[in-house]
Every structure is written in C-alpha cells, then in structure tokens.
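Trainee: 3D, please:
(one chain, ligands or ions: 1)
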Amino acid sequence: MAVEDPYRWIESVAQSAGHSLCLEDDLGRRMSYAEVHQSVGRYGAVLLDLGVHVGDRVALLVEKSLEAVLVYLACLRVGAAVVPLNTAYTAAELRHFISDSQPQVLIVDPAKTEAAVEIAAANGCPTVETLGARGNGSIANRVEMQSVGSPVISIAADTLAALLYTSGTTGRSKGAMITRGNLVANAQCLASSWQMTREDLLVHVLPLFHVHGLFLSLNTMFAVGAAVRIHRIFDPRLTIESLSNGSVFMGVPTHYTRLLACPELTPEAVSGVRLFISGSAPLLSETHREFEVRTRKVILERYGMTETLVNTSNPYTGVRKPGSVGLPLPGVELRITDQRTDGDGPNVGMIEIRGPNVCAGYWRAPDQTAADRTVDGYFRSGDLGFIDSDGYLHISGRAKDLVITGGYNVYPKEIELELDRLDQISESAVFGVPHRDFGEAVTAAVILKPSAAMHEATVIELMRNRLARYKVPKRVIVVDELPKNTMGKIQKNKLRERFAHLYLDTLAKPNGIR
Ligand code: AMP
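Mentor: Sure thing, here's the model as predicted:
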C-alpha cells in the first residue's frame, strides 16, 4: 500500500477496512480505524478552531494515553507540526522549548497548567489546553462539542510534521525538523523490511515524546493498517501478559533486561510474538544471547536517531548479529569517514548518512544545520563505527565520548565489551577523565552481578592481557547504577563529572613530578 502522506494511512484503512482494530489501551478501550479516523477528525476540528494552520506547531506536554495518539494524528491531519515534550522537563527547560518552537497551542497535563500558562504567556504562545492521562481535560471537552471532522487535505511532503528536540546531553537541545516525507519514507521502508501486515499487533511500551515511540512504533504499524496496544507505563509483568496475544514488540535495551528479570518470561509466554526489536541504545550481546536462550526469539537490533529516524537494521530474514546494528535500510546511504585503526582493530570512523529519512535541519539554527552536513549532503551523525566484512555496521560510541589518552584514540565500546565478558560484571561504561600526563585517562564504572565481588587490581590485570596497554582503564570503579536517560542511554557526561576528581593529584603536581 503506497500512500504518500502519513495521514492518508489512517484514512485509506478507515475506508477499505474500517472495522479493523487500530488502537487499544491498557484500560481495555478499543478503537477501529473507522473510529480513529472519525475521532481524529474532531480533534482536528478543535485544532482548526484554535487557529492552527498548516506548518504551525502544537506542543504536547502530556502523559502517555490513547488520546495523546489521537492528538498526534490530528496534527498530521491538519498539517500541524507536533512538538512532543518529556513531562520530566523542568520549568526552565519548558521555557526554552516554548520560546524556541513558538507553538500556536500548548497542550499540557492538567497538573502542569499553572506553570504552562505563565510560560506560554511570556513566550508568545496564545493557547494552553489540558489533556490528562485518562483522556480528560479541556481539549476533550472541546472535542465533545465537535460534530463535524476537519477535512483531510493534501499537504506537501516537505511540510514540517514534527519538531523533536534532541536529548542534548551536551549543550542546548536543538529542534530537529522532521518532514512528512521523512515519516512516510521511513515508515514504509521499515514496514516492508520488518514484514509488517494488517494482522500485526504491536505492544507499545515506549514514551510518545521520542522518535522511537512516536514515529517508528506508531507509523510503521499505521502504514500497513496494523494495530497498536498502548501501555501507559512499562510494567514488565503486564507487558509479558500483553505479549501473549501481541505479535511485535519494540523496546530499548533496558526493557529487555527488565523482561529478563521476570520469571514469567518463558518461551510459551511469548510464543506468538514474531518480532522483538531493540534500538535507541546499545544492546549488550549478552542480553541478546540471554533473551534467545530464555525465549527462543532472536532480537532484531536497529540503529536510529532523532535527526534521521532509522538508518540500519539487522535483517528480518538472515543473520541478526549480536553487537551489530545491521545493514543500511533500502534508500539509506551510509559511509564511514576519517577512518583510523590501531593496527589490529577495525577501521573506526565517523558515520555519515544520506537519504529520505534525514531531517530538514535544525529549527531556526541554519549554522548548526550546515555544521552537521557535508558538502555532498551527508549528515554527520556524531557516532563512530565500522563496517565488518559482511557489510554490517557496528557502533563504537559517540564521537564526543571518544577517549584520547596520550595521543591515542580509545573507543569506549571496545573496552566495555571486554569488561562485560568478565563473569562478575553485568554492565560497564568507559569514559575519559582529565589526567595531567595522558590528557585523559581511560576510566570504567561497572555494575557487578548480584552477589559478585570484584578486586580492582585483578580486573585491571586481566584487561592488560586482553588490550593494548594504552586502552587499559586506569581505574575500574564499582557503582550501584549507571546514569541513564529515559531511552536507556548511559549519560557519560554525568560519569565524567562525577569522577572528575579521580586523577586530581596528577593535575596538581607541577612538571610531571609524581
Ligand atoms: P536519539 O536522538 O535520542 O534517538 O539518540 C540517537 C543516538 O542513540 C545515536 O546517535 C546513537 O548514538 C544511539 N543509538 C541509537 N540506536 C542505537 C543502537 N542500536 N546501538 C547503539 N547506539 C544506538
């Protein structure tokens, strides 16, 4: 089904197979495609009443709910750009997003009304509406009063569909301009690569404020007329129950480790699931293998980012390699530039991407947009990686997390893989900390397996047998947990800050005398 506009997906299924299930939630509510189409029309009419025109922004700071999905679809229907925001943002962060995106409407959780009204008024946003986790709120009241749906209009593919603020672990986060064309290209490509059909039901546990939960999950299913079951929060046991009659699951690595921690995860419990997909952060090979042993299902890992949606995927049929993010998707061009090798290792370099999935740039930041593009139109991803002899991509880490020690490049992933192979370590993060002699010292924070003990000097000694000397961590520190954001990404900036003191003595002593 080649429909060239993201809202036409809903419309066309509503017209051809209107009774088929589109959305349901963990409160037991179910909506067919015809019902979703009709309801979205009423939400669309409310947006038009509130003065939303094609290209205007509608910011969403709401809890996850079925209604939040309807609002997203209404934005697509009227041609507005959705600006999904994480409800965990502080007032200061919210102020930045509102003043930067200048939305025509800000829809907030009722509990946030007071702060939102003040921030909206001070930043030129004319309207604040509310939407609660159970679909209550002022927007729902307005929808009740609408009897006629907004028209479904033709909207150009280069129209802004969303502004998605990047995680911004360094510096201010920027708004990636995602067009309708980006959404269509990526969803159609994923739906066909992952063999989605109208028979599928996705168990949806991801947040809606990130590309993973909003676009990759929803659009890929809507593009083929499949169904989505919205879980408002991720509860591992409820998820396993839900998987008993679901066919597809998309998660971040943390979801998989939490599922593995439940004894209820058995081959029988998930026998009907034909596809488990992981992305947004590196999936440990160990988790990949453990999941296969426990469930007899092989996780399919893929790689994407806010600015480019999905770039690569392990194959649906073919080898899904643990530790690799797979092959470039059809239509996506990927290359590795500035490659370096330390002799025995792979040729690691910067991953650059070109294709219909790459966003139009950063909102009102032409300099930043230009800085991240090459002259021949590739997007500099900021990720480092290499391609193996089978053409599979492996990610070695973010460029900004590269450790340069004594003039040598150390790719944290390589050291993390070695640490994770040790029996007593369950997870590790390697980062650079300022050091007088070396510039940066390779440093590791590790989580031990339950009831395991670790002797730091022994681990360092073991690493000496496995890694070139300059790559061996100078310190290996046991921590209770690694700082992660909601998408399960380790925040290395926080580790660098927390352990900035480690080699202070080397910094303090003059002339290298120690
Ligand atoms: P975000 O824009 O928040 O989606 O973050 C994108 C970044 O997450 C990428 O640039 C990668 O550094 C990382 N990432 C996404 N998927 C993977 C994956 N499968 N393996 C390793 N890193 C990943």
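Trainee: which SS state does residue 214 fall under?
Mentor: With DSSP: H, G, I helix; E, B strand; the rest coil as the basis, residue 214 sits in helix.
Trainee: which residues touch the closest residue to it other than its chain neighbours?
Mentor: Distances taken as CB to CB, 6 or more residues apart in numbering put residue 208 closest to residue 214, at 5.2 Å, once the chain neighbours are dropped. (Each C-beta comes from the backbone N, C-alpha and C, glycine too.) The neighbours of residue 208, taking CB atoms under 8 Å, 6 or more residues apart in numbering as the test, are 60, 64, 68-69, 72, 84, 214.
Trainee: how near is residue 146 to the ligand?
Mentor: The spacing between residue 146 and the ligand, counted by CB to the nearest ligand atom, to the nearest Å, is 35 Å.
Trainee: shouldn't that residue be in contact with residue 48?
Mentor: No - Residue 146 is beyond contact range of residue 48, at 9.7 Å (criterion: CB atoms under 8 Å).
Trainee: Give me the buried subset of the contacts of residue 208.
Mentor: 60, 64, 68-69, 72, 84, 214 (16 or more other CB atoms under 10 Å).
Trainee: So which of those residues are in strands?
Mentor: Counted as lying in strands by DSSP state E, out of the buried ones among the contacts of residue 208, are 60, 84.
Trainee: Go through the buried ones among the contacts of residue 208 and name the one nearest the ligand.
Mentor: residue 214 (11.2 Å; CB to the nearest ligand atom).
Trainee: Quick check: which ranges of the stretch 151-300 of the chain have low pLDDT?
Mentor: 167-172 (pLDDT under 70).
Trainee: near the ligand, which residues of it show up?
Mentor: Neighbours of the ligand within the stretch 151-300 of the chain, by CB under 6 Å from any ligand atom: 166-167, 211, 279-282.
Trainee: 8 Å instead, please
Mentor: Residues of the stretch 151-300 of the chain found near the ligand, taking CB under 8 Å from any ligand atom as the criterion, are 166-167, 176, 210-212, 278-283.
Trainee: what do you get for the stretch 301-450 of the chain?
Mentor: 301-307, 325, 381-383, 395, 397-398.
Trainee: correct me, but residue 191 touches residue 222?
Mentor: No - between residue 191 and residue 222 there is no contact under CB under 8 Å: 9.2 Å.
Trainee: neighbour-wise, which of these two wins?
Mentor: residue 222 (27 against 22; other CB atoms under 10 Å).
Trainee: Distance of the residue nearest to the more buried one when sequence neighbours are not counted relative to the ligand?
Mentor: The shortest distance from residue 222 to any non-neighbouring residue, by CB to CB, 6+ apart, is to residue 9 (4.6 Å). Between residue 9 and the ligand the computed distance is 23 Å (CB to the nearest ligand atom).
Trainee: and residue 9, what element?
Mentor: Assigned by DSSP states H and E, residue 9 falls within helix 6-17.
Trainee: got the angle for the very next helix or strand once past that helix vs helix 6-17?
Mentor: Remark: after helix 6-17, the chain's next helix or strand is strand 21-25, criterion DSSP H and E. If you take axes from the mean of the first three to the mean of the last three CA atoms, to 10 degrees, strand 21-25 sits at 110 degrees to helix 6-17.
Trainee: what are the pairing partners of strand 21-25, and which direction each?
Mentor: According to DSSP bridges, strand 21-25 forms sheet pairs with strand 30-32 (antiparallel), strand 227-230 (parallel).
Trainee: Take that strand, keep the C-alpha atoms, and write them as CSV.
Mentor: Output of strand 21-25 as CSV, limited to C-alpha atoms (Å, rounded to 0.1, in the frame of the first residue of the first chain):
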residue,chain,number,x,y,z
LEU,A,21,-8.5,-2.6,15.1
CYS,A,22,-6.3,0.5,15.1
LEU,A,23,-5.7,1.4,18.8
GLU,A,24,-6.4,-0.1,22.2
ASP,A,25,-5.0,0.6,25.6
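Trainee: any idea how far that strand is from the chain center?
Mentor: For strand 21-25, the separation from the chain centroid amounts to 22 Å (computed by CA atoms, centre = their mean, to the nearest Å).
Trainee: Confirm that residue 384 sits in a strand.
Mentor: Yes - under the criterion used here (three-state DSSP), residue 384 sits inside a strand.
Trainee: Just the C-alpha atoms of stretch 360-373, please, in PDB.
Mentor: The C-alpha coordinates for stretch 360-373 follow below in PDB (Å, rounded to 0.1, in the frame of the first residue of the first chain):
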ATOM      1  CA  ALA A 360      15.400  19.000   7.100                       C
ATOM      2  CA  GLY A 361      17.900  20.500   9.600                       C
ATOM      3  CA  TYR A 362      17.600  22.200  13.000                       C
ATOM      4  CA  TRP A 363      14.800  24.700  13.700                       C
ATOM      5  CA  ARG A 364      15.900  28.300  13.300                       C
ATOM      6  CA  ALA A 365      19.600  27.200  13.500                       C
ATOM      7  CA  PRO A 366      21.000  27.300  10.000                       C
ATOM      8  CA  ASP A 367      24.500  27.400  11.200                       C
ATOM      9  CA  GLN A 368      24.100  24.300  13.200                       C
ATOM     10  CA  THR A 369      22.300  22.700  10.300                       C
ATOM     11  CA  ALA A 370      25.200  23.500   8.000                       C
ATOM     12  CA  ALA A 371      27.800  22.400  10.500                       C
ATOM     13  CA  ASP A 372      26.300  18.900  10.600                       C
ATOM     14  CA  ARG A 373      26.200  18.400   6.800                       C
END
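Trainee: Give the buried residues for it.
Mentor: In stretch 360-373, counting by 16+ other CB under 10 Å, buried: 360-363, 365, 369, 372.
Trainee: nearest to residue 329, of those?
Mentor: Within the buried residues of stretch 360-373, distances to residue 329 taken as CB to CB reach their minimum at residue 360, with 19.0 Å.
Trainee: For the closest one, which three-state class applies?
Mentor: Residue 360 is classified as coil under three-state DSSP.
Trainee: what do you get for residue 135?
Mentor: Residue 135 ends up coil, using three-state DSSP.
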